[in-house]
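[1] quick one: sequence plus predicted model below, questions after.
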Amino acid sequence: MQFPQPYTLQQIAQILDTKFVGKSDFKITGMNEIHVINPGEIVFVDHPKYYDKALNSKASVILINKEVDCPEGKALLISEDPFRDFNKLTDYFKRFQKADHNISDSAQIGDDTVIQPQVFIGHHVKIGKNCLIHPNVCIYDGVEIGDNVIIHAGVVIGADAFYYKNRQTYHDKLKSGGSVVIEDGVELGANTTIDKGVSANTIIKKGTKIDNQVQIGHDTIVGERCIIAAQVGIAGCVVVEDEATIWGQVGIASGLTIGKKSTILATSGISKDCEPGKTYFGSPAADVRKKYRELASVSRLPEVLSKLKKLI
Amino acid sequence: MQFPQPYTLQQIAQILDTKFVGKSDFKITGMNEIHVINPGEIVFVDHPKYYDKALNSKASVILINKEVDCPEGKALLISEDPFRDFNKLTDYFKRFQKADHNISDSAQIGDDTVIQPQVFIGHHVKIGKNCLIHPNVCIYDGVEIGDNVIIHAGVVIGADAFYYKNRQTYHDKLKSGGSVVIEDGVELGANTTIDKGVSANTIIKKGTKIDNQVQIGHDTIVGERCIIAAQVGIAGCVVVEDEATIWGQVGIASGLTIGKKSTILATSGISKDCEPGKTYFGSPAADVRKKYRELASVSRLPEVLSKLKKLI
Amino acid sequence: MQFPQPYTLQQIAQILDTKFVGKSDFKITGMNEIHVINPGEIVFVDHPKYYDKALNSKASVILINKEVDCPEGKALLISEDPFRDFNKLTDYFKRFQKADHNISDSAQIGDDTVIQPQVFIGHHVKIGKNCLIHPNVCIYDGVEIGDNVIIHAGVVIGADAFYYKNRQTYHDKLKSGGSVVIEDGVELGANTTIDKGVSANTIIKKGTKIDNQVQIGHDTIVGERCIIAAQVGIAGCVVVEDEATIWGQVGIASGLTIGKKSTILATSGISKDCEPGKTYFGSPAADVRKKYRELASVSRLPEVLSKLKKLI
């Protein structure tokens, strides 16, 4: 999430009412997720386990709950509650704006794009040329859609990340300041949902085709020319590389990488990274040949156990 | 489902055109499901297998297809077809009313609640304060929503229970006279669906967070501060106790209890009650350690079987 | 997909700018999928592996990428790219028409049918008598719905088939010229999606009840009085025979037949035909008794392997 213009470290510290370590005129351009962060941006960390990762990332500013040594050329914002203060920044730069009608006046819509009735298009949405958006689609504020995109009825693009911090007595919501980018030539099936990123963007790259009732979580990046069949669920912060094929009802856990041109067979549950070019099956999934050998063995197991009775 | 005011046994018998056993001025306050029924209410039973359960429940009036001995202090309605007559009562007290526009004039909406465009709000719906309801949400008649609730686009609250009686030549629909109650601080993800109860309420308790494309069946009760990830399906009449965590694509069969602070790992299929505090995995699911031991054994099985060849 | 009136072979060849083999005044009535094709109709085939199947089907005209011997009484359209030219025909006869408002003037709606607010009904849709269509339903152009049908909120009927040809650098979309037919007495749960056929119709037959968030693919035929529970996914070109019962979250791969009165237990993944009257479980699924024996054996496996240690 980019700020509208660069802010200084001192300005951000004032907004948050926090101490800071670093030059007061240090320039900050935005806030982001650690796996895609760029110089100039803020990341937050509130658990000692992840301090090193945050401090050694490309982030220029670390919003942190301990006054650690500041790495060369970086800055720290010292907060008793970085989660709360990251939310405060999101709120400061991207406050929710109520909609007055179906299609915001601030939305940009390209030539020859057809918007069917009952489509909701939020503030500052950009839609390219020659798209077809079917009825009852909901596009939240700030989403960007390329050219030649087809979106079927009931699709929801840009709902909030499902991300909470477990406080003593309640789940504290991490606000979503990121957005969704749908590139050229993508097709999205009916009632599919794509969440916005927390502070990065959820991205569906060129030419990827997604079937009905697919769920794609926050900050996930789906590569070019992928095929994703119906009812697949992909959690947050996943990277699906180009030309992967994911068949129906597959589930993919958060943070994983699905390799280029890999194939995941229907109903599989993915709990580890998938290597490029390979085919996976099962829940938890494994290489399909290994899995089929296991299934063949299990199929013989009742008979084998009855034969073994006298031996053991 | 409460009647607008108490009816006498005789009045109900007249509506249904049935015989009754008990005092004609016996007061009846409503109808309900057997697992949550209260004194003063009617339950129906049409199979001898369940007679005892119904007669010994807290129900004051049993709508039944055989003239059995009436328990002390209770009453019977004798019907040749209790299913049909339960429907007749639902219809009598809660006839479907067509909507004339998006937001019913009889809906009550609290202060500082934002309703985005294209939201449908049925008759007699109550919504609390400081809620945010995104576009294309549909809230059927009679649903009650607390304060500080966030509902994402495409959510459907209060569709009919999926409940049919298999007649000779068709499936006979059990009408849904119950409703849905969403308590304070709940968040519902995009395109999630929550069915109304048959004669009780489907309830989502305080502070529970539900992700996108989750399905929650009729008369199910989800406790406080639960986490339910995307594409989970929970059947009817389930009780999920407080602070349970249910990961993506889990399925839970009808009538089960999911214990307090239990965790169900992604893609599991639950066919038995889950104990409090434990972690479950697999389909059918078992304790996660037991399941992992089984998976490790299966992984070795092809090699073991090839070694066993000479022995058996 | 029927043409508005019969066309001659020569006329179709002119539209496509292709050579043809056969009598120039040969009458063509439409185009169709091979598993349901009728005399008078065109099928396309672009892989030698499927030539025989296409040439020996009931199709009268084969759109093909090689000048093979033409079977007696049939005709050929010779195209360098039958996929592209099949699309060209679909486009010629069924060009997408933008909607100007929620309910097309060309839609036919029967007596006593209730259409709740915010329902989209496309061009040339037919809806029978005494139906109830809840809010935010989207019915694409040309869909036909019988009498006494209940459609819950958020249902999408008639989105495009998920069907692409993998070209060198992109996925080429096969256009959907078919439609959806929903017969009398069907009920569709909230947010369920039913895709249109490619050139045939997707059909849900009399009295079938479908729960929430079910996905039914292109050209699939679901028989009479079936029960399909929540979050089931049925791929394209499946035949579900009468009175089948499919429990929650089941997935069924494309092209399969699910036998009459068969039962598929929850969370199963079906990769082979299911026989009539039998019960299936597991992913991949098998006869439920076989599967339960396997599960019982696997449950004992860790102990068995530890006892075997000294033997092998």
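    The structure has been received and is ready for your questions. Numbering: from 1, shown residues only, chains lettered A, B, ... in the order given.

[2] for chain A, which spans come out with low pLDDT?
    By pLDDT under 70, the weakly predicted segments of chain A are A:312.

[3] the longest strand along it - contacts with which helices or strands?
    For chain A, the longest strand by residue count, based on DSSP state E, is strand A:2-8. Counting by 3 or more C-beta pairs under 8 Å, 6 or more residues apart in numbering or on different chains; DSSP states H and E, the packing neighbours recorded for strand A:2-8 are strand A:27-31. Bear in mind the C-beta positions are built from the backbone N, C-alpha and C, glycine included.

[4] the following helix or strand past the strand it packs on pairs with which strands, parallel or anti?
    Using DSSP states H and E, the helix or strand that directly follows strand A:27-31 along the chain is strand A:41-45. Strand pairing for strand A:41-45, using DSSP bridges, gives strand A:27-31 (parallel), strand A:61-64 (parallel).

[5] pull out the buried positions in the first one.
    By neighbour count, with 16 or more other C-beta atoms under 10 Å in any protein chain shown as the criterion, the buried positions of strand A:27-31 are A:Ile28, A:Thr29, A:Gly30, A:Met31.

[6] circling back to that earlier point, could I get the longest strand of chain A in PDB with only the CA atoms?
    The C-alpha coordinates for strand A:2-8 follow below in PDB (Å, rounded to 0.1, in the frame of the first residue of the first chain):
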ATOM      1  CA  GLN A   2       1.600   3.200  -1.200                       C
ATOM      2  CA  PHE A   3       1.000   6.500   0.600                       C
ATOM      3  CA  PRO A   4      -0.400   9.300  -1.600                       C
ATOM      4  CA  GLN A   5       3.100  10.900  -1.400                       C
ATOM      5  CA  PRO A   6       6.200  10.100   0.700                       C
ATOM      6  CA  TYR A   7       6.000  10.900   4.400                       C
ATOM      7  CA  THR A   8       9.000  11.500   6.700                       C
END
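
[7] what strands line up against it, and which way round?
    strand A:27-31 (antiparallel).

[8] which bits of the stretch 101-250 of chain A sit near chain B?
    Proximity of the stretch 101-250 of chain A to chain B, by C-beta under 8 Å from any C-beta of the partner chain, involves residues A:101-102, A:118, A:120, A:136, A:138, A:140, A:154, A:156, A:159-160, A:162, A:164, A:169-171, A:173, A:191, A:193, A:195, A:213, A:215, A:217, A:231, A:233, A:235, A:249.

[9] buried only: go through those for me.
    Going by neighbour count (16+ other C-beta under 10 Å), those have A:102, A:118, A:120, A:136, A:138, A:140, A:154, A:156, A:159-160, A:162, A:164, A:171, A:173, A:191, A:193, A:195, A:213, A:215, A:217, A:231, A:233, A:235, A:249 buried.

[10] select from those residues every entry located in strands.
    Per DSSP E, those map to strands at A:Phe120, A:Cys138, A:Val156, A:Ala159, A:Tyr164, A:His171, A:Lys173, A:Thr193, A:Asp195, A:Gln215, A:Gly233.

[11] what's the burial count for the nearest residue to the first one once chain neighbours are set aside?
    Read that as A:Phe120. Spatial nearest neighbour of A:Phe120, excluding adjacent residues (C-beta to C-beta, 6 or more residues apart in numbering or on different chains): B:Pro135 at 3.9 Å. Per other C-beta atoms under 10 Å in any protein chain shown, the neighbour tally for B:Pro135 reads 26.

[12] tell me who's in contact with B:Pro135.
    With contact set as C-beta atoms under 8 Å, 6 or more residues apart in numbering or on different chains, B:Pro135 has these partners: A:Ala99, A:Asn102, A:Phe120, A:Cys138, B:Gln116, B:Pro117, B:Gln118, B:Val119, B:Ala153.

[13] same thing with A:Pro71?
    A:Pro71 is in contact with A:Leu55, A:Asn56, counting by C-beta under 8 Å, 6+ apart.

[14] change it to 7 Å
    A:Leu55 (C-beta atoms under 7 Å, 6 or more residues apart in numbering or on different chains).

[15] redo the ones in strands among the buried ones among the residues of the stretch 101-250 of chain A next to chain B as CSV? Include distance to C:Ile227.
    Output for these, formatted as CSV (distance: C-beta to C-beta, whole Å):
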residue, distance to C:Ile227
A:Phe120, 34
A:Cys138, 31
A:Val156, 28
A:Ala159, 31
A:Tyr164, 36
A:His171, 36
A:Lys173, 38
A:Thr193, 27
A:Asp195, 32
A:Gln215, 25
A:Gly233, 24
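
[16] farthest pair within those?
    A:Phe120 and A:His171 (27.2 Å; C-beta to C-beta).

[17] how many neighbours does A:Gly73 have?
    For A:Gly73, the neighbour count with other C-beta under 10 Å is 10.

[18] what are the ranges of the helices in the stretch 201-312 of chain A?
    A:288-308 (DSSP state H, counting those that start in this stretch).

[19] number of residues surrounding the closest residue to A:Thr192 other than its chain neighbours?
    The shortest distance from A:Thr192 to any non-neighbouring residue, by C-beta to C-beta, 6+ apart, is to A:Val214 (4.5 Å). A:Val214: 29 surrounding residues under other C-beta under 10 Å.

[20] same thing with A:Asp184?
    17.

[21] wait, isn't it in contact with A:Gly146?
    Yes - proximity of A:Asp184 to A:Gly146 meets the contact threshold set by C-beta atoms under 7 Å, at 3.8 Å.

[22] can you work out which residues contact both of the two?
    Common neighbours of A:Asp184 and A:Gly146, using C-beta under 7 Å, 6+ apart, are A:Gly128.

[23] quick one, what contacts the residue nearest the centre of chain A?
    When C-alpha atoms, centre = their mean is applied to chain A, the residue found nearest the centroid is A:Asp219 (1.9 Å). The neighbourhood of A:Asp219, defined by C-beta under 7 Å, 6+ apart, consists of A:Glu33, A:Gly178, A:Gly197, A:Val198, A:Ala200, A:Thr202, A:Gly236, A:Cys237.

[24] near chain C, which residues of the stretch 151-300 of chain A?
    Contact residues (C-beta under 7 Å from any C-beta of the partner chain) of the stretch 151-300 of chain A with chain C: A:152-154, A:185, A:189-191, A:207, A:209, A:211-213, A:225, A:227, A:229-231, A:248-249, A:266-267, A:298-299.

[25] what about 6 Å?
    A:152-154, A:190-191, A:207, A:209, A:211-213, A:230-231, A:248-249, A:266-267, A:298 (C-beta under 6 Å from any C-beta of the partner chain).

[26] still on that earlier bit, so how far is C:Lys98 from the residue nearest to A:Phe120?
    B:Pro135 sits at a distance of 21 Å from C:Lys98 (criterion: C-beta to C-beta, to the nearest Å).

[27] same question, A:Leu55
    Between A:Leu55 and C:Lys98 the distance is 54 Å, computed by C-beta to C-beta.

[28] so the two - more neighbours on which side?
    Counted by other C-beta under 10 Å, A:Leu55 and C:Lys98 do not tie: A:Leu55 has more neighbours, with 18 against 10.

[29] show me the contacts for that one.
    Contacts for A:Leu55 (C-beta atoms under 6 Å, 6 or more residues apart in numbering or on different chains) come out as A:Ile62, A:Pro71.

[30] quick one, phi psi at it?
    phi -70, psi -30 (degrees, to the nearest 10).

[31] which residues does A:Phe281 contact?
    A:Leu265, A:Ser268, A:Val288, A:Lys291.

[32] and it, what are its bridge partners?
    Under DSSP bridges, the beta-bridge partners of A:Phe281 are A:Ala286.

[33] thinking again about what came up before, which members of the contacts of A:Phe281 are classed as buried?
    A:Leu265, A:Ser268, A:Val288, A:Lys291.

[34] quick one, what contacts the last one?
    The one in question is A:Lys291. Counted by C-beta under 6 Å, 6+ apart, A:Lys291 has contacts A:Phe281, A:Gly282.

[35] try the first one
    Under the criterion of C-beta under 6 Å, 6+ apart, the contact partners of A:Leu265 comprise A:Trp247, A:Phe281.
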